[in-house]
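# need coordinates for the following:
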Amino acid sequence: MNGQPETMRVNTALASLRRHPWWSALAVFALAIVALIALWDWNWFKGPIERQVQARTGRTFTIGGDLDVDLDWKTPTIRADAVHFGNATWSKEPTMASADRVEFEIEWRSLVFRREVHVPGLRLSRPQLHLEMGPGRVGNWKFGEPGEAQAEFRSLWIDDGQLRFLDGAQRTDITVDVHSERTHDDAAAPPVLVVGSGRWQGNAFKLDGRAESPLELRNTARPYRIDARASAGATHGHARGTLLDPLRLRDFDLRLALSGKDLADLYPLFGIATPTTPPYRLDGRFTREVTALGNVWHYDGFSGKVGDSDLGGNASIETGRKRPYLRARLTSRRLDFDDLAGFVGKAPQAGGGEATNPELAAQAARESARTRVLPDQPYELEKLRSMDADVRWTAHRINAPKLPLDDMDAHLLLENGLLRLQPLNFGVADGDIRSTIRMDAREAVIRTNADIAVRGLNLPKLLPTLQLARDSIGKVGGDVQIAGSGNSIAQMLGSSDGDVALGMGQGQISNLLMEWAGIDIAEALKFMVRGDRKIPIRCAFGDFSVDNGVMTARALAFDTSDTIIVGEGDINLRDETLNLKLRPRPKDRSLLSLRSPLLVGGTFKDPSFRPDYGRLGLRSALALALGNIAPPAALLATLELGPGEDSNCGGRYAK
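Got it, this is the predicted structure:
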């Protein structure tokens, strides 16, 4: 009895299905969908996706974890775990990019109907990106062919990301941690914070900063804001401002602050060759200009300090040429002359509040311990040949306590190892020293030519520390033409040939000073008691020939109404030794006048001055000495011992 009703219910259901076949088919399809959903696994698509990516890029691609899709009528969400993208075959690192999870939304209707890839949101969990420069200076980020459709990303969030850049040829290995910053406005494209370290060009490198979302890099109409600090070794930079179209660096408005212990440290980092300097700090506007040859990077309106000198102006570096081209117009309101020491291979003074760094302080200590004065630090030929330059530097005031320097105007031109200072002018003692210097570093040994004109130097200002010379009057002038070979200042001067001539026309000088020069004890004591007086200067001159670093006096004299001093001997620039004999000839009849020659000897660093008591100055000996030198010095042989008439100092030296 119980089995009959059950059988009747089944028969009734079958009869109903036969009466409604469409509903029956729909029911079967629904059951199939339910079964499919229950059994569906999106991981079935991992293989096809991996093969498609590999075919398009030529790199391996794996989804090591789950692949999942949350369906939505507008924007389905796709998640892939343990994603790995292979590296170039030449790299030792097998993986170029990876992430614990990649999660993104996609607008399927734009993709299906318009073939446009719109990604409203992208989230990366622990992404790692390995960028590397390989053989032929080709980066591992160059692969495959670009697709027809360009993806549009609207939101990006990075959790604990890391970027590594490796360039073995440039000794660069940098690792940067990147993560998105949470903001109060919950922005769709939040800014990112970066912290990194490593080595750049062999120097310890650090980076710390904040920038807008990487998605903003593609927005060429909206400025991209950054604020980042970086350091490489002892060189520090702080860039802040905005970039327009930053992927191409087309336009940007950045303030760039640079600081460090030595401007020479910029050479291994950026290829900018400068002499060694004390610590510096500069701040200016950094921009880029695109030219037919390449790029011109401008650093305009900068100001700051180098050592104890202020420095400002505009500078630019043009790249894309055979050699970088530096152009600069520099101005210093107050230049500490000591800060220029690096241009001649010396270190600035250390101690006494002078700006320096440990390396320069050690170099200054070594130089102080040397027995020689001329700098022997070789110029670096590689640097002189590495770039071209056109630099003009004007200093309105020079601080040099031991030298009567007023101002400076220098124009440096450098092309393929040929350096010209044209001109190199210094205001000195109310006059000027105008120079043209040519250094040819295109061969293994630098060949140097110097043409120097000395005009209108004020005598008392040339001797600022000598009390007896403060009331003196006179103008000093002359010419120097020398040429030498060598890779240091000492070698250049030690091998030089040429001529050196300096002279002074009429003026006046302390009589007490001249009596001491004549070693006239009685007259000097008399003026010490009664007081000093001024005596006229007829003229003074020194004419030297220079042969293989030895300056030999052709004519050397100093003539006043009180005393005539005539000299002979040589100055050895190779050995840095002095060998001069000065014969004073007092014109009065002081009984205690010794009239003995004054011997100038010793070295440049430790000169000696002493009378030669073994050779009394006799009229006949003086006449014999003067007869061997050219006019106007030979005219001094006709002078009376005094108090007779004095002869004027004629010839071109007195004019």
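# use CA for all of it now, contacts and neighbours both
OK.
# so where's the longest strand in the chain?
The strand spanning the most residues in the chain, taking DSSP state E as the definition, is strand 534-547.
# helices and strands around that strand, which ones?
strand 497-504, strand 507-510, strand 550-560 (3 or more CA pairs under 8 Å, 6 or more residues apart in numbering; DSSP states H and E).
# now do the shortest one, average pLDDT.
Yep, that's strand 507-510 we're talking about. The predicted model gives strand 507-510 an average pLDDT of 64.
# could you do stretch 199-210 as well?
Here the average pLDDT along stretch 199-210 is 87.
# hmm, back to that, got CSV for the helices and strands packed on strand 534-547, with distance to Leu215 and mean neighbour count too?
Below are these laid out as CSV (distance: least, CA to CA, whole Å; neighbours: other CA atoms under 10 Å):
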stretch, distance to Leu215, mean neighbour count
strand 497-504, 67, 21
strand 507-510, 78, 20
strand 550-560, 70, 23
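# which of those strands comes out lowest on mean pLDDT?
Note on these: strand 507-510 shows the lowest mean pLDDT, a mean of 64.
# before we move on, back to that, chain center to the longest strand of the chain, what's the gap?
43 Å (CA atoms, centre = their mean, to the nearest Å).
# sheet partners, orientation included, of that strand?
With DSSP bridges as the test, strand 534-547 is paired with strand 497-504 (antiparallel), strand 507-510 (antiparallel), strand 550-560 (antiparallel).
# may I have that strand as PDB, with CA atoms only?
The C-alpha atoms that make up strand 534-547 are tabulated as PDB, following Å, rounded to 0.1, in the frame of the first residue of the first chain:
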ATOM      1  CA  LYS A 534     111.300 110.200   2.500                       C
ATOM      2  CA  ILE A 535     113.800 110.000  -0.300                       C
ATOM      3  CA  PRO A 536     113.100 110.000  -4.000                       C
ATOM      4  CA  ILE A 537     113.300 106.700  -6.000                       C
ATOM      5  CA  ARG A 538     115.000 107.100  -9.400                       C
ATOM      6  CA  CYS A 539     113.900 103.700 -10.600                       C
ATOM      7  CA  ALA A 540     114.000 100.000  -9.800                       C
ATOM      8  CA  PHE A 541     114.200  97.100 -12.200                       C
ATOM      9  CA  GLY A 542     114.800  93.400 -12.500                       C
ATOM     10  CA  ASP A 543     115.400  91.700 -15.800                       C
ATOM     11  CA  PHE A 544     115.700  87.900 -15.900                       C
ATOM     12  CA  SER A 545     116.200  85.300 -18.500                       C
ATOM     13  CA  VAL A 546     114.600  81.900 -17.800                       C
ATOM     14  CA  ASP A 547     116.300  78.800 -19.100                       C
END
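# so which of the strands paired with strand 534-547 gets nearest Val117?
strand 497-504 (76.6 Å; CA to CA).
# about what we covered before: can you list the helices and strands packed on strand 534-547 in JSON lines and add distance to Gly352?
Listed next are the helices and strands packed on strand 534-547 as JSON lines, based on distance: least, CA to CA, whole Å:
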{"stretch": "strand 497-504", "distance to Gly352": "35"}
{"stretch": "strand 507-510", "distance to Gly352": "34"}
{"stretch": "strand 550-560", "distance to Gly352": "36"}
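# how much space between Trp200 and Leu421?
34 Å (CA to CA, to the nearest Å).
# more neighbours: the two, which one.
Trp200 (22 against 19; other CA atoms under 10 Å).
# what about Thr57, how many residues close to it?
16.
# do Phe45 as well
Using other CA under 10 Å: Phe45 sits among 11 other residues.
# the one 4 residues further on now?
Look at Ile49: counted by other CA under 10 Å, it has 14 neighbours.
# before we move on, what about Gly456?
When neighbours are counted by other CA under 10 Å, Gly456 registers 18.
# could you number the chain from 859 rather than 1 from now on?
Renumbered: residue one is now 859, and that last one reads Gly1314.
# list the contacts for Phe1467?
1456-1459 (CA atoms under 8 Å, 6 or more residues apart in numbering).
# of these, which is the nearest to Leu980?
Once CA to CA is applied, the member of these that ends up nearest Leu980 is Gly1459, at 82.9 Å.
# tell me where the stretch 1159-1308 of the chain has strands.
With DSSP state E, counting those that start in this stretch, the ranges of strands along the stretch 1159-1308 of the chain come out as 1167-1176, 1183-1190, 1193-1194, 1246-1253, 1256-1257, 1263-1273, 1276-1286, 1289-1298, 1305-1316.
# just send those strands back as a markdown table, with mean pLDDT too.
As requested, the strands of the stretch 1159-1308 of the chain are exported to a markdown table (pLDDT from 0 to 100):
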| stretch | mean pLDDT |
| --- | --- |
| strand 1167-1176 | 95 |
| strand 1183-1190 | 96 |
| strand 1193-1194 | 94 |
| strand 1246-1253 | 96 |
| strand 1256-1257 | 92 |
| strand 1263-1273 | 95 |
| strand 1276-1286 | 94 |
| strand 1289-1298 | 94 |
| strand 1305-1316 | 92 |
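# can you list these in CSV and add distance to Pro1469?
Shown next, in CSV, are these (distance: least, CA to CA, whole Å):
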stretch, distance to Pro1469
strand 1167-1176, 43
strand 1183-1190, 46
strand 1193-1194, 38
strand 1246-1253, 43
strand 1256-1257, 36
strand 1263-1273, 33
strand 1276-1286, 32
strand 1289-1298, 33
strand 1305-1316, 29
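# cool, thanks, talk later.
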